[in-house]
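Colleague: Okay, predicted coordinates and the sequence, questions at the end:
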Amino acid sequence: MTQAHDPSTHNHGGQDVTAARQTYDGFIKLVQISTPIILLLAAFVVFLLTR
């Protein structure tokens, strides 16, 4: 019988999957924070251009 494979604890060619996952999570958080800020800035610029 084979055991279930957990990709989060497996090293692929010497790459640390945990570090990659942390980098990805940080990137997603950055996108979630920056998207509303960019939208507000864009709305402000449109407001300034249309007054």
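Modeller: Yes, it's here.
Colleague: low pLDDT regions in this protein?
Modeller: Along the chain, segments meeting pLDDT under 70 span 1-15.
Colleague: let's see it at 90
Modeller: Along the chain, the parts satisfying pLDDT under 90 run over 1-19.
Colleague: Grab the most central residue of it for me.
Modeller: For the chain, the residue nearest the mean C-alpha position is Ile28 (1.9 Å; C-alpha atoms, centre = their mean).
Colleague: list the contacts for it?
Modeller: Ile28 makes no contacts at all, as judged by C-beta atoms under 8 Å, 6 or more residues apart in numbering. In this view, the C-beta of every residue, glycine as well, is placed from N, C-alpha and C.
Colleague: Tell me the spacing between it and Leu48.
Modeller: 31 Å (C-beta to C-beta, to the nearest Å).
Colleague: Kindly report the same for Gly26.
Modeller: Distance from Gly26 to Leu48, counting by C-beta to C-beta: 33 Å.
Colleague: and what of Ile33?
Modeller: 24 Å.
Colleague: Ser34 now?
Modeller: From Ser34 to Leu48 the distance is 21 Å (C-beta to C-beta).
Colleague: One more: Ile38?
Modeller: 16 Å.
Colleague: And Leu30, by the same measure?
Modeller: For Leu30 relative to Leu48 (C-beta to C-beta), the value is 26 Å.
Colleague: Just give the number of residues close to Val17.
Modeller: 14 (other C-beta atoms under 10 Å).
Colleague: do the same with the one 5 residues further on
Modeller: Neighbours of Gln22 under the rule other C-beta under 10 Å: 11.
Colleague: Please, where are all the helices along the chain?
Modeller: Taking DSSP state H, the helices of the chain run over residues 17-50.
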